[in-house]
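K.L.:
predicted model, plus sequence, below.
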Amino acid sequence: METDAPVRRLTTDLPAGTVTFFFSDIEGSTQLVQRLGPDYRRVLERHGSIVREGLSRYGGIEIGTEGDSFFAVFESAPAAVEATIWVQRALADEPWPEMGAVRVRIGLHTGTAEIGHDNYIGLDVHRGARISAAGHGGQALVSTTTRALASTAADFLDLGDFYLKDLEEPERLYQIAIPGLPMSFPPIRSVGSTRNNLPASTSTLVGRSREMAEISDLLDQHRLVTVSGPGGIGKTRLALEIARQQLPRYAHGVFMVDLAPVEDERLVLPVIGNSIGVTDPSLTGIAGYLGDDPTLLFIDNFEQVIKASADMGTMLQAARGLKILATSQLPLRIAGERLYPLSPLG
């Protein structure tokens, strides 16, 4: 069902150069049709009016609609982000009918505008569409380029790298953090990948195959493994490679928590919350988000905030699907810890 006929524009009307592509659609629209029956048309029209007002307010150009989806472009990445925030807020504030709440997923990608047959073509258009399709109702996802160009327009949560349908390389995805609206969502809809924020590998780890196998075996059997040893011995590089190899085993995600710049133990939970994309950085909030879902936290440089180790014990008790791989010059000394002293390369 369409709100209007698809918009057709002349090639000369379309912005050229670098633009930000906007894609949106209603999550679960088929179920909405079944629940609302004839009332769905009014809901769909109201949804269309809200999206169009958001586009108009911030200079977006509507390219086309199909069913409940929108395709638009912005000449400014910050404007695209601001429009997205406005649309999500307006949709959340709208008094939808009972059992008829509209939840829209939005994806943004900034790239080169290639024009053909009075429309945009090329890989960047497809990338924007795939980013939108990877999200969930109420969620707004952006690519690395959009986030870089719109860094002052909003706060962003780094969700990690994901393989999206038909794209050969993984895509780094960021979620727009909209205060007052939900920020925790199910895992990204990706192809054969695990949600993570692990930095890309820039070199091959050499000479640590035995240690990698032994630590991996410990992780299979225990929920807290601490790789210990003096600074500069290679704990971080080794643990990072192990975390990367563990990706297929943790459906809810593998996350690196870098404590190198943290000296106050009271900041450890907020840093963990930011790393996994949780807005409530309390023990209750983090544990509630993790729940029983298989998750691995790789926590680096714990010796600087060793007093926060008790919180890790509490978190492990509350989130039964959680495992922790830590690096530290000191043991955490909490129940269930398995210590792996790392020796220098011979």
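P.N.:
Right, received. Where do you want to start? This is a predicted model, so every value here is computed, not measured. Numbering: from 1, shown residues only.
K.L.:
where do the helices of the protein begin and end?
P.N.:
29-36, 40-57, 77-93, 123-133, 144-149, 209-221, 235-245, 268-276, 283-290, 309-318 (DSSP state H).
K.L.:
between those helices, which one is nearest to T20?
P.N.:
Closest to T20 of the helices of the chain, according to C-beta to C-beta: helix 77-93, at 4.0 Å. The C-beta positions use only the backbone N, C-alpha and C, and glycine is treated the same way.
K.L.:
what's that closest one packed up against?
P.N.:
Counting contacts by 3 or more C-beta pairs under 8 Å, 6 or more residues apart in numbering; DSSP states H and E, helix 77-93 packs against strand 17-26, helix 40-57, strand 104-116, strand 140-142, helix 144-149, strand 171-177.
K.L.:
ok, and the closest non-adjacent residue to the most centrally placed residue in the chain?
P.N.:
In the chain, the residue lying closest to the centroid (C-alpha atoms, centre = their mean) is L159, at 2.6 Å. Of all residues not flanking L159 in the chain, L173 sits nearest, at 4.6 Å (C-beta to C-beta, 6 or more residues apart in numbering).
K.L.:
re earlier: and G253, which of the helices of the chain is closest to it?
P.N.:
Nearest of these (C-beta to C-beta): helix 268-276, 6.9 Å.
K.L.:
so which elements touch that closest one?
P.N.:
For helix 268-276, where contacts count as 3+ C-beta pairs under 8 Å, 6+ apart, the packed elements are strand 253-258, helix 283-290, strand 295-300.
K.L.:
how about 6 Å then?
P.N.:
With contacts taken as 3 or more C-beta pairs under 6 Å, 6 or more residues apart in numbering; DSSP states H and E, helix 268-276 sits against strand 253-258.
K.L.:
quick one on the thing from earlier: mean neighbour count, distance to F302 and mean pLDDT added to the helices and strands packed on helix 77-93, as CSV?
P.N.:
Converted to CSV, those look like this (neighbours: other C-beta atoms under 10 Å; distance: least, C-beta to C-beta, whole Å; pLDDT from 0 to 100):
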stretch, mean neighbour count, distance to F302, mean pLDDT
strand 17-26, 23, 40, 96
helix 40-57, 18, 44, 96
strand 104-116, 21, 36, 93
strand 140-142, 29, 31, 97
helix 144-149, 20, 29, 97
strand 171-177, 22, 26, 91
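K.L.:
can you lay out the ones you listed as JSON lines showing distance to N196?
P.N.:
Listed next are these as JSON lines, based on distance: least, C-beta to C-beta, whole Å:
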{"stretch": "strand 17-26", "distance to N196": "24"}
{"stretch": "helix 40-57", "distance to N196": "32"}
{"stretch": "strand 104-116", "distance to N196": "20"}
{"stretch": "strand 140-142", "distance to N196": "16"}
{"stretch": "helix 144-149", "distance to N196": "15"}
{"stretch": "strand 171-177", "distance to N196": "10"}
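K.L.:
out of these, which gets nearest to L123?
P.N.:
strand 104-116 (7.8 Å).
K.L.:
listing partners with orientation, what would you give for that closest one?
P.N.:
Applying DSSP bridges, strand 104-116 is found paired with strand 17-26 (antiparallel), strand 119-121 (antiparallel), strand 140-142 (parallel).
K.L.:
same list, the ones you listed, but as CSV with distance to N274 please.
P.N.:
Putting those into CSV (distance: least, C-beta to C-beta, whole Å) gives the following:
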stretch, distance to N274
strand 17-26, 25
strand 119-121, 35
strand 140-142, 17
